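Asks: Give me the fold of what follows.
(one chain, ligands or ions: 1)
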Amino acid sequence: MRTSGAPASDVRRRIATELADDVPWNRVLNSICTEPHPLGVEMASAAAHTNLGDVRIFRGTKRIEREVVRLLLDLMGNPGGSGGLVSGGTEANLIALLVARESARARGRLTGRPEVVVSSTVHFSFTKIFGLLGLTPVVVPVDVSLRLPADEVARRIGEHTVAVVATAGSSEFGVVDAVDEIGPVVAGRDVHLHVDAATGGFIIPFARELGHDLPQFDFSVDGVDSITIDPHKYGLANVPAGAILFRGAQDAGRFAVDSFFIDTPVHNTLLGTRPGSAAVSTYAVLEHLGRDGFRDLTRTNYEVTQYLVDGLRAAGHELFTEPQLNIVVVRMAHAVRVSQLLESRGWIVSTSKRFGETLRLVVTRHVTPEMVDEFLPVLERACKE
Ligand code: 0PR
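Replies: Numbers count the residues shown, from 1 in each chain. The predicted model follows:
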C-alpha cells in the first residue's frame, strides 16, 4: 500500500482508464449478465454502506430484502414460502443442496454417501458444490432435445438420493428441462427437487404469458422444493444479486447459524457480511418495471433472438438446437478458432465442445438489431478465414 495517499482525481483517472478497457456491452454476445438498470445502480449506490449481516443496524434494508423475497416468491407462484438473497446462482444452489442434505439427515434418510441426480449439462457450479458438500452426482445423459428425461430420473432415484436438480434455462444451450414432468416423478419419493432457474427465472414466466411454448417450472409444479433465481442475470439488477427460494415457510431456516454475539440474529446465507445494495437494487428494478415492464423486455428479447436466428440462417448457418430462450447455438466446425478471431476484432462470443464444436450467442437486454447487423458480417469474414 502507498505511504501517502493519492489525490482522488488521480485514483478516479486510473480506475476510469482500466474500466474503459473493459469490453463495451455492444460487443458482448456471451454474457448472461447485462447492463444493469440505471435506477438499480443509483439505488445500489445509495445503499453502498449497508450490510445485511447486521439487521439490528440495517433494519430498513432488511425490510427491503424481505419484500424482495416476497416479490420473488410471488413471481414463482408460492407467496407462503421462504427464502433469502444471496450472491448469485452458485451460492443459491449450494444452500438448496445443503438444506436438501440436512433435511434428509433430519428424516433419518442419510445413509452412506448422499447422491444427487443431475443432467449431464447441469451448470458447473454444481461441480464446486458436490465437492464442498460431499455429495456424489448421479449423472443422467440428456435426451435428444438436450433435456433431463423424467423417466430416467425415476429410474436413478435410489436409497442414497437426497436431491434431484432440474434446470429451467441452461446457460449453455438455453434449454428448459420438463420440470412439469420431473416434479410428479420426484413427488412422493421423499427426495428434494431443486430447480436451477438462475438463467430462466426472469424469462420463462413472461415468455409463457407471451405464448411461448415453455414448460411450467415454478412452485405450482407438484414436487418442486426450491428454486434458484438470479436478479443479476435477466433481472437487470447489478451484481451480486441472487436468490434462493423454498416451498415451505420454515425451509430457509433449515440452514441457520446462530451468531455467538448476543442479539445478533440468525444467518441463513453463506456470507456473513453481505451487500444490502443488491437487495435495494433488485427492489428498485422489480418495483419500477413491474410485470408489464418485464414482459415488454422479454418480448423485445425474443424479437432480437429471432432477428439473429434469421440472419444466421440467411448466411447458411445451421442451429444446433431450436432456441427455447435467448441463447442461440450454432453448429460450426471451427467455432473455437472463429471465437478467437472475433475476439481479436473486439467481439466476445463463447463456444461449447460438448456435442462437437458450437458457437454460443446470448441475447441479453443489451443486444439490439443494430448490434446484430454489425456482428453478422464480422462473423462471416471470420468464418471464411
Ligand atoms: N446456474 C445457472 C443455470 C447459471 O446459468 C449460472 C451462471 C449459475 C448457476 C451460477 O450463477 P453465478 O455465476 O451467479 O454464481 N451462468 C452464467 C454462465 O455460466 C454465468 C456468467 C455470466 C458467465 C456472465 C459469464 C458472464 O459474462 O454463462
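
Asks: what sits against Phe246?
Replies: Gly81, Ser82, Gly83, Val99, Asp225, Ser226, Ala252 (C-beta atoms under 8 Å, 6 or more residues apart in numbering). C-beta here means a position set from N, CA and C on the backbone, and glycine is covered the same way.

Asks: Excluding chain neighbours, give the residue nearest to the first one in space.
Replies: If I follow you right, that is Gly81. Leu73 (4.7 Å; C-beta to C-beta, 6 or more residues apart in numbering).

Asks: Tell me the secondary structure of the one you found, please.
Replies: helix (DSSP: H, G, I helix; E, B strand; the rest coil).

Asks: Now go through the contacts of Phe246 and say which are in helices.
Replies: Counted as lying in helices by DSSP state H, out of the contacts of Phe246, are Val99.

Asks: could I get the contacts of Phe246 as JSON lines with distance to Phe124 and neighbour count?
Replies: Converted to JSON lines, those look like this (distance: C-beta to C-beta, whole Å; neighbours: other C-beta atoms under 10 Å):
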{"residue": "Gly81", "distance to Phe124": "27", "neighbour count": "24"}
{"residue": "Ser82", "distance to Phe124": "27", "neighbour count": "20"}
{"residue": "Gly83", "distance to Phe124": "23", "neighbour count": "28"}
{"residue": "Val99", "distance to Phe124": "21", "neighbour count": "25"}
{"residue": "Asp225", "distance to Phe124": "22", "neighbour count": "25"}
{"residue": "Ser226", "distance to Phe124": "19", "neighbour count": "29"}
{"residue": "Ala252", "distance to Phe124": "25", "neighbour count": "21"}
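
Asks: In strands only, show me the contacts of Phe246.
Replies: Ser82, Gly83, Asp225, Ser226 (DSSP state E).

Asks: Just name the closest of those residues to Val330, please.
Replies: Ser226 (33.6 Å; C-beta to C-beta).

Asks: Read off the pLDDT value for the closest one.
Replies: Looking at Ser226, its pLDDT stands at 98.

Asks: Was I right to think it contacts Val195?
Replies: Yes: taking contacts as C-beta atoms under 8 Å, Ser226 lies within contact range of Val195: 7.2 Å.

Asks: one step back: same list (the ones in strands among the contacts of Phe246) but as a markdown table, adding distance to Arg345.
Replies: Output for the ones in strands among the contacts of Phe246, formatted as a markdown table (distance: C-beta to C-beta, whole Å):
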| residue | distance to Arg345 |
| --- | --- |
| Ser82 | 48 |
| Gly83 | 43 |
| Asp225 | 46 |
| Ser226 | 42 |
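
Asks: Tell me where the stretch 51-200 of the chain is predicted with low confidence.
Replies: Under the criterion pLDDT under 70, no range of the stretch 51-200 of the chain is flagged.

Asks: Give the full set of residues in contact with Thr136.
Replies: With C-beta under 8 Å, 6+ apart, Thr136 has these contacts: Arg113, Pro114, Glu115, Val116, Phe130, His160.

Asks: beta partners of it?
Replies: Per DSSP bridges, residues listed as beta-bridge partners of Thr136: Glu115.

Asks: Mind telling me what element Ala231 is part of?
Replies: Residue 231: Pro, not Ala. Using DSSP states H and E, no element contains Pro231; it sits outside every helix and strand.

Asks: Let me know how buried it is, in neighbour terms.
Replies: For Pro231, the count of nearby residues is 29 (other C-beta atoms under 10 Å).

Asks: State the distance from it to Trp25.
Replies: Look at Pro231 and Trp25: by C-beta to C-beta, to the nearest Å, they are 18 Å apart.

Asks: what does the stretch 51-200 of the chain have sitting close to the ligand?
Replies: Gly88, Gly89, Thr90, Asn93, His123, Ser125, Thr167, Ser170, Ser171, Asp196, Ala198, Thr199 (C-beta under 6 Å from any ligand atom).

Asks: If we use 5 Å, what do you get?
Replies: Gly88, Gly89, Thr90, His123, Ser125, Ser171, Asp196, Ala198, Thr199 (C-beta under 5 Å from any ligand atom).

Asks: ok, which stretches of the stretch 201-350 of the chain are helices?
Replies: Along the stretch 201-350 of the chain, counting by DSSP state H, counting those that start in this stretch, helices occupy 204-209, 276-314, 335-344.

Asks: For the stretch 51-200 of the chain, which segments are assigned as strands?
Replies: Ranges of strands within the stretch 51-200 of the chain are 82-86, 115-119, 136-140, 161-167, 192-197, based on DSSP state E, counting those that start in this stretch.
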